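> structure of the sequence below:
(4 chains)
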Number of protein chains: 2
Amino acid sequence: MSLNLNLRKQQVLEAVVEDHIITAEPVSSRTIARKYQLGVSPATIRNEMADLEEMGLIEQPHTSSGRIPSQQGYRYYVDRLMRKSGLTTDEEGQIHTVFAREARELALVVQRTIKLVTQLTDYLVFFSGPQLEHAALQQVWLIPVAPERALMVIVSETGWVENKFVDFDFPVTAEDMEQVAGVLNDHFRGLTFSQITRTVLRSVYQELTEQRLLLDYVLETMESLARRECADGLYLGGTRNVLKQPEYQDVQQVRKLLDLVEGEQTLREILHETTGEGITVRIGRENRQGQVQDCGVITAVYLLGGNIVGAMGLLGPVRMNYARASSIVDYIAQSLSDYLSGSHSYF
Amino acid sequence: MSLNLNLRKQQVLEAVVEDHIITAEPVSSRTIARKYQLGVSPATIRNEMADLEEMGLIEQPHTSSGRIPSQQGYRYYVDRLMRKSGLTTDEEGQIHTVFAREARELALVVQRTIKLVTQLTDYLVFFSGPQLEHAALQQVWLIPVAPERALMVIVSETGWVENKFVDFDFPVTAEDMEQVAGVLNDHFRGLTFSQITRTVLRSVYQELTEQRLLLDYVLETMESLARRECADGLYLGGTRNVLKQPEYQDVQQVRKLLDLVEGEQTLREILHETTGEGITVRIGRENRQGQVQDCGVITAVYLLGGNIVGAMGLLGPVRMNYARASSIVDYIAQSLSDYLSGSHSYF
DNA sequence: TTTAGCACTCTAAACCGTAGAGTGCTAAAC
DNA sequence: GTTTAGCACTCTACGGTTTAGAGTGCTAAA
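Numbers count the residues shown, from 1 in each chain, chains lettered A, B, ... in the order given. Prediction:
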């Protein structure tokens, strides 16, 4: 349902939302008349408020209190009234600094980004990935460490390094390993992991008839490596900050938040569901996860070579500063994508 | 000052401590008379309590309330009265399972251990390390990835893998790298990293006069790798659990706890200070760190080849179950040391 | 030395009463 | 028709008072 509000109703709704975001208190007609010059008296505003309440956009915690925005009110605000606040040049500069610094390891960049965002906002920041799945392979090594055991090291073109032991059920010679690694590098270099698992497998098998069993083990390990970061790479920060929000004065609420942070599963799910381009804003019950139905969540994916390799999110109370928060998420996700897409490639 | 208490005073003190640990409420004379059969009336117990209070072992939150143990009271209890509760065979079994499972990566074992301990207690669990510094080197590889860049991979005899890029200021050939790696392996295999940095350096330099500059870079990287886990390897869990303790009903307290968890520095310090054998119990102001002076902290180091490579801790309110908590710390640290000292070596 | 009895103290919860903020409604003004 | 002043009404938050109950310390008797 797309409601059409006359200008003054929009102004009143905007005032209610923005004042409530700042003060966390119900907003009275008098406050609006004083702080937001609409050129009318409190009484008139009261009449508009009564209408807005009937439409379900604002509500009263109890009779004779001021109004707070309903979840639909926030939605209307985000969709139609909100002016993206933009970042100051200083803040943009800080963000650039994080991505400009020489950093060989992506994990480090992500951690630095989180630290920065916790300074820019008072919300929970969380990142998934980046998964290797859509990154291009730079090189594979198979290093023999025992007769039936090798260490596999993979480097992606973006500089991400992963390693894992491969255990065979039979002795394997160093020459065998070297040969397999050589063939893998010849065939796979420059391909993304998702491309590898599908297409070029056949040719490799033909070239390595003798080591077919060995190859099976190796490919399986490669696959699990490519997925690993997807499975357990969740970075987060800012838990302390969120507690500053008056919504979390109640210990019960704090406990719920900590469940979220320590459990990780829900946060992963939220990031995993994020697929579209641009930022996604979910307000309260718009979230599918029961645990965050009294929260606002802003997410965005970041890209590598046009593919989604990870996502980030900001989480706060429903009464969060959507204008600012979404500007930040937007800018960071964009910067991270730029960073990844190789203008900084170190090879 | 070592106080000598007669048997009945000891019994009363023990009752006060143990009842308070369970209920978190002041303990009245009547409660003790009823629940802990000392064969005397509440009035007699009141007299003993008056004495204990004068000695500073228990205190009254306000006149006409029951008594709670003072920090000295806890200390007396821990030193002289506490009976280590021992774990049930079931619990011991659970612990063994964690260490018995095939696990190639130590980080995984530590994470599993944390998860288990959070199930066994309601306290904050934290681990440092393990640092490679005191682990024996199994092998080093130098893998060329670019003219001026190599990937260094180190495997310790305990199966810990670390990697890091080495950047040179000059082109290096694959042969040079191979040669350097070969010499390093010949000289260093089986030595711990702390031994390496001191003694055997000279002989390596003599053998590699041509690559001396290259070697400098490599050794520096090795050293930073050996220390890395020391610097940022802090694992923890159980934050949610601690909130169950009634001490953390106050949001102020919760915030302090989260500062501790998110800051990490204080926890590192606590583990770093732990050096002795066996377990260490610090009660309230016995802690040097201001942030935890209203907490009880139990720590123990774990060993590898007789060397301290890391430590673990349990943190709760001053009113924590020292008997149970120290049993657990003791048992886990012991099991982890056993696990590390190679009865499970995979090479 | 122990204990019963009793007066005393303190806390926590329940229960006012009041001030203040804010609304809805009505009737007058524009 | 729209806006606004005025007023009665409602609800919350806060401070003060009362009360029940738990627990002690002290005294005197066992």
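> can we go C-alpha only for contacts and neighbour counts from here?
Will do.
> in a helix, residue A:170, correct?
No. Looking at residue A:170 with DSSP: H, G, I helix; E, B strand; the rest coil, it is coil, so not inside a helix.
> quick check, it in contact with residue A:148.
Yes. The criterion here is CA atoms under 8 Å, and residue A:170 meets it with residue A:148 at 5.7 Å.
> what score does residue A:16 have for pLDDT?
At residue A:16, the model reports a pLDDT of 97.
> what values do phi and psi take at it?
In terms of degrees, to the nearest 10, the main-chain angles of residue A:16 are phi -60, psi -50.
> ok, now which ones touch the closest residue to it other than its chain neighbours?
Among residues not flanking residue A:16 along the chain, residue A:27 sits closest, at 6.0 Å (CA to CA, 6 or more residues apart in numbering or on different chains). Contact analysis of residue A:27 by CA atoms under 8 Å, 6 or more residues apart in numbering or on different chains lists A:16, A:19, A:20, A:66, A:67, A:68.
> what about the residues you listed, which are in helices?
By the criterion of DSSP state H, membership of the contacts of residue A:27 in helices covers A:16, A:19, A:20.
> who wins for most neighbours among those?
Compared across the ones in helices among the contacts of residue A:27, residue A:16 has the highest neighbour count, 27 neighbours, by other CA atoms under 10 Å in any protein chain shown.
> avg pLDDT for stretch A:118-137?
For stretch A:118-137, the mean per-residue pLDDT is 85.
> between the two ends of it, what distance do you get?
This stretch, stretch A:118-137, spans 33 Å end to end (CA to CA, to the nearest Å).
> now that stretch: buried residues?
A:118, A:121-137 (16 or more other CA atoms under 10 Å in any protein chain shown).
> go on, stretch A:209-218?
By neighbour count, and taking 16+ other CA under 10 Å as the criterion, the buried residues in stretch A:209-218 are A:214, A:215, A:218.
> show me how far it is from its chain's centre.
Relative to the chain's own centre, stretch A:209-218 is displaced by 38 Å; criterion: CA atoms, centre = their mean, to the nearest Å.
> likewise stretch A:276-285?
Its chain's C-alpha centre and that of stretch A:276-285 lie 11 Å apart, by CA atoms, centre = their mean.
> looking at the contacts of residue A:27, which two lie furthest apart in space?
The largest separation in the contacts of residue A:27, counting by CA to CA, is between A:19 and A:66 at 11.4 Å.
> pretty sure residue A:166 sits against residue A:150.
Yes. Using CA under 8 Å, residue A:166 makes contact with residue A:150 at a distance of 5.2 Å.
> ok so, going back, dig out what the residue nearest to residue A:16 forms beta bridges with.
Using DSSP bridges, the bridge partners assigned to residue A:27 are residue A:67.
> and residue A:4, helix, strand or coil?
The three-state label given to residue A:4 by three-state DSSP is coil.
> now do residue A:56
When the structure is reduced to helix, strand and coil (three-state DSSP), residue A:56 reads as coil.
> where do the helices sit along chain A?
If DSSP H is used as the criterion, the helices of chain A fall at A:7-23, A:29-35, A:42-54, A:71-76, A:89-100, A:106-120, A:174-188, A:193-198, A:201-207, A:212-232, A:239-242, A:251-263, A:265-273, A:322-338.
> for the second one, give me every contacting residue.
What it means is helix A:29-35. Among residues not part of helix A:29-35, those counted as contacts by CA under 8 Å, 6+ apart are A:12, A:15, A:16, A:39, A:40, A:41, A:42, A:43, A:45, A:46, A:49, A:66.
> and the residues you listed, which of them are buried?
A:12, A:15, A:16, A:42, A:45, A:46, A:49, A:66.
> what sits closest to the residue minimising distance to the centre of chain A if chain neighbours are left out?
A centroid search over chain A (CA atoms, centre = their mean) returns residue A:312, at 1.2 Å, as the residue closest to the centre. Counting by CA to CA, 6+ apart, residue A:127 is the residue found nearest to residue A:312 once chain neighbours are left out, at 4.3 Å.
> next: residue A:164.
residue A:152 (5.3 Å).
> then residue A:113?
What sits nearest to residue A:113 in space, not counting adjacent residues and going by CA to CA, 6+ apart, is residue A:98, at 6.6 Å.
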